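Enquirer: predicted model and sequence follow; I will ask about them next.
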Amino acid sequence: MTDIRDKIRHSAWTLPSLEGPVPVTEDSHPFCAMAYSRTPLLIENYGYVEEEFFLSGFANVYDTDAQNELFIKKEKLPYKNRILVRRPIDREAFSGRVYMDILNATQGYDIEDLWHRNYLWCMEHGHAYVGVTSKPVNVLSLKNFDYDRYQSLNWSNGERIPYPSVSRSATIPGTEEGLVWDILNQTAALLRDGGARNGLGGYDVKWIYLCGQSQSGAYLNTYVSYFDEILSEGRRHLYDGYMNLVGALVQRSVCQDGEVGPLKLKLRNMKPSVSPYICLSSEADLTLFRMFVPDGNLLDIRIENKDDDRDKCRYYEIAGTPHTDIVCPVLSAVKEVEKTGSVLPNLDQRLLEYINDIPTEFYICGLLEKLHIWASAGTAPLACTILERENGELKKDAFGNVLGGLRTPFTEVPLAVYTACNPDDPEGICGKMSYFSREQALTIYGSKENYLERFREMTVDQVREQWISETDGRKMIDWSVQAAERVFGA
């Protein structure tokens with residue numbers, strides 16, 4: 001056991017070589033570049049720079065034995081991967097924090113779920129963002145997008161099999177998804193110990209937090225379960241903490257099933273995390289993942305909140321919240337996605353007209369701040385109850401909104417009924433909402449002024465308790481004014 005742990009640590013702290021920044025020209029730019037998002041974002045106007053790098057190294061493929069312990073299945077396979085970095089232009093503006101994102105692969109192309117949730121907060125506070133391509137099928141999409149730019153990327157399993165063109169659901173013959181764990185390890189090691197060639201302009205990195213959402217949240221659970229405790233021994237941690245944005249209740253196998261099978265999705269059964277770990281479920285998760293994990297009921301899972309030397313975990317569920325935000329302006333433009341050969345996002349107008357607009361991202365940013373306080377000062381965030389269950393279903397109030405969990409003014413002082421999973425959405429990732437009638441709102445609150453005051457009071461309290469930032473609190477109050485005019489009238 002000692003030998004395998006030493007080998008894991010040695011591989012994890014082996015620095016990959018860095019190539020880049022990869023040039024940007026009129027004919028070639030990174031996939032996910034902000035200048036090519038749905039609403040182009042000029043991050044230089046925020047004092048930020050965006051750069052793409054290629055990382056080359058050697059990664060092990062791991063598997064688990066009958067005791068659920070790691071062993072090395074294949075050793076030192078060469079890889080070449082890409083990262084996308086956004087950081088302050090001014091070194092003095094850098095906070096010292098890096099938020100690293102396991103880029104989501106569910107659609108078959110890179111999706112920057114963390115950046116979509118925290119980009120404004122990140123740039124307001126001087127944090128750096130690093131997105132890491134996490135799966136061979138995404139590498140294929142990058143080659144389809146711009147072959148000349150990405151042709152050298154490689155996630156081979158060591159066999160000589162041509163790179164085919166496949167659908168998003170297929171595992172690519174000749175590749176190995178299990179390379180991801182050492183890629184995540186070595187990317188963090190480079191950010192910490194790479195000096196002037198660390199991919200962050202040589203900036204001094206003090207804190208690294210690894211994050212994932214949905215399928216990437218399952219990857220994150222797997223990573224923390226098998227690698228955190230091993231890599232917390234003997235020297236400085238690779239990661240100071242973790243946050244699962246949504247997808248807290250599932251995890252993956254460590255390597256592919258045989259040579260061509262995809263990583264399997266299964267119910268969460270994690271080993272403790274030595275480093276602080278915050279896990280979040282949207283209300284939609286409790287419905288959405290049932291289709292992927294048919295052998296278990298997600299409502300039966302209980303994640304214990306702990307804060308001791310060997311186990312640090314906080315788990316939250318937020319009422320009314322959808323799985324993700326399909327209308328975020330910095331998602332890759334549809335024209336960009338078309339070039340990858342992947343399935344296009346579903347933007348049916350019927351889904352967009354009354355889309356659930358609870359800003360889960362505000363609470364994600366608040367929890368990211370609480371994660372840093374936990375990691376840096378040792379103060380764990382307050383625990384909350386989970387969403388209320390009754391007879392195997394979520395319990396709802398008289399309006400139809402779910403009870404319990406981490407409360408927000410949107411469901412605690414509601415002007416609408418929030419459906420977390422829109423039944424008209426075949427993917428189940430967006431929700432919908434239905435505003436109250438004026439008569440119903442007056443019956444509940446008596447007047448528009450009373451509603452606004454109650455919403456404002458709860459929002460101010462949550463800003464003071466750091467569940468949300470001051471900036472996002474102001475945005476929530478502005479939302480309540482607009483919603484009140486819509487329901488009560490001007």
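Expert: Looks like it arrived, so ask away.
Enquirer: where does this protein have low pLDDT?
Expert: Using pLDDT under 70 as the threshold, the predicted model of the chain has low-confidence ranges 1-2, 160-171, 234-235, 258-264, 291, 294-296.
Enquirer: go through it and flag its longest strand.
Expert: strand 70-88 (DSSP state E).
Enquirer: flag every buried residue along that strand.
Expert: Buried residues in strand 70-88, counting neighbours by 16 or more other C-beta atoms under 10 Å, are found at 70, 74, 77, 79-88. Heads up, the C-betas are built off the backbone N, CA and C, glycines and all.
Enquirer: for stretch 394-407, same thing?
Expert: 394, 401-403, 405-407.
Enquirer: quick one: which of the buried residues of strand 70-88 is nearest Ala189?
Expert: Ile83 (12.8 Å; C-beta to C-beta).
Enquirer: now do that closest one against Val224, distance only.
Expert: 20 Å (C-beta to C-beta, to the nearest Å).
Enquirer: repeat that for Ser447.
Expert: Distance, Ser447 to Val224, by C-beta to C-beta: 49 Å.
Enquirer: quick one: which of these two has more around it?
Expert: Here Ser447 and Val224 are set side by side on neighbour count (other C-beta atoms under 10 Å), and the busier one is Val224, at 26 against 12.
Enquirer: once you drop chain neighbours, what's closest to that one?
Expert: Nearest non-adjacent residue to Val224, counting by C-beta to C-beta, 6 or more residues apart in numbering: Ser273, 4.9 Å away.
Enquirer: which element is the one you found on?
Expert: Taking DSSP states H and E as the criterion, no element holds Ser273; it sits outside all helices and strands.
Enquirer: got the contact list for it?
Expert: Contact partners of Ser273, counting by C-beta atoms under 8 Å, 6 or more residues apart in numbering, are 224-225, 228-229, 242, 311-313.
Enquirer: now Val132
Expert: Neighbours of Val132 in contact, by C-beta under 8 Å, 6+ apart: 81, 83, 100-103, 183-184, 187.
Enquirer: before we move on, the earlier item: ok, the buried residues of strand 70-88 vs Ala375, which is closest?
Expert: Arg87 (19.9 Å).
Enquirer: residues contacting the closest one?
Expert: When contacts are counted by C-beta under 8 Å, 6+ apart, Arg87 is found next to 48-49, 51, 94, 128-129, 200-201, 203.
Enquirer: from those, which would you call buried?
Expert: 48, 51, 94, 128-129, 200-201, 203.
Enquirer: between those residues, which is nearest Ser214?
Expert: Proximity of these to Ser214, judged by C-beta to C-beta, is greatest for Tyr129, which lies at 17.9 Å.
Enquirer: so the closest one touches Arg117, yeah?
Expert: No. Using C-beta atoms under 8 Å, Tyr129 and Arg117 do not qualify as a contacting pair, with a distance of 10.8 Å.
Enquirer: helix or strand: which one has Cys430?
Expert: With the criterion set as DSSP H and E, no secondary-structure element contains Cys430; it sits in neither a helix nor a strand.
Enquirer: that one and Tyr315: what is the separation?
Expert: Taking C-beta to C-beta, one finds Cys430 at 23 Å from Tyr315.
Enquirer: neighbour count: these two, which is higher?
Expert: Between Cys430 and Tyr315, counted using other C-beta under 10 Å, the more crowded position is Cys430 (25 against 22).
Enquirer: residues touching that one, list them.
Expert: Shown in contact with Cys430 (C-beta under 8 Å, 6+ apart): 322-324, 326, 351, 355-356, 422.
Enquirer: hmm, 6 Å instead?
Expert: Cys430 is in contact with 322, 326, 351, 355, 422, counting by C-beta atoms under 6 Å, 6 or more residues apart in numbering.
Enquirer: picking that back up, turn the buried residues of stretch 394-407 into a markdown table, columns for distance to Val413 and secondary structure.
Expert: As requested, the buried residues of stretch 394-407 are arranged in a markdown table below (distance: C-beta to C-beta, whole Å; DSSP: H, G, I helix; E, B strand; the rest coil):
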| residue | distance to Val413 | secondary structure |
| --- | --- | --- |
| Leu394 | 20 | strand |
| Asn401 | 11 | coil |
| Val402 | 15 | strand |
| Leu403 | 14 | coil |
| Gly405 | 15 | coil |
| Leu406 | 15 | strand |
| Arg407 | 10 | coil |
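Enquirer: looking at the residues you listed, which is nearest Gly366?
Expert: Out of these, the one with the shortest distance to Gly366 is Leu406. That distance is 9.7 Å, counting by C-beta to C-beta.
Enquirer: hang on, that closest one packs against Gly320?
Expert: No. Contact status for Leu406 versus Gly320: not in contact, 10.8 Å apart, counting by C-beta atoms under 6 Å.
Enquirer: ranges for the helices of the stretch 1-150 of the chain?
Expert: 2-12, 113-125, 136-145, 147-150 (DSSP state H, counting those that start in this stretch).
Enquirer: which among the ones you listed is found nearest to Tyr277?
Expert: Distances from Tyr277 to each of these were compared by C-beta to C-beta, and the smallest falls on helix 113-125, at 15.3 Å.
Enquirer: elements contacting that closest one?
Expert: Helix 113-125 sits against helix 360-377, with contacts defined as 3 or more C-beta pairs under 6 Å, 6 or more residues apart in numbering; DSSP states H and E.
Enquirer: can you list contacts of the helix or strand following the helix it packs on?
Expert: Scanning forward in sequence from helix 360-377, with DSSP H and E defining helices and strands, the next element found is strand 389-390. When contacts are taken as C-beta under 6 Å, 6+ apart, the neighbours of strand 389-390 outside the stretch itself are Leu299.
Enquirer: who does strand 389-390 pair up with?
Expert: Using DSSP bridges, the strands paired with strand 389-390 are strand 393-394 (antiparallel).
Enquirer: in CSV, list the C-alpha atoms belonging to the helix or strand following the partner strand.
Expert: With elements assigned by DSSP H and E, the helix or strand that comes after strand 393-394 is helix 409-412. Listed in CSV are the C-alpha atoms of helix 409-412, where the atom choice follows Å, rounded to 0.1, in the frame of the first residue of the first chain:
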residue,chain,number,x,y,z
PRO,A,409,-35.9,35.0,-1.0
PHE,A,410,-37.1,33.6,-4.3
THR,A,411,-38.9,30.7,-2.5
GLU,A,412,-39.1,32.1,1.0
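Enquirer: what's in contact with helix 409-412?
Expert: Helix 409-412 has contacts (C-beta under 6 Å, 6+ apart) with 319-320, 358, 401, 455, 458-459.
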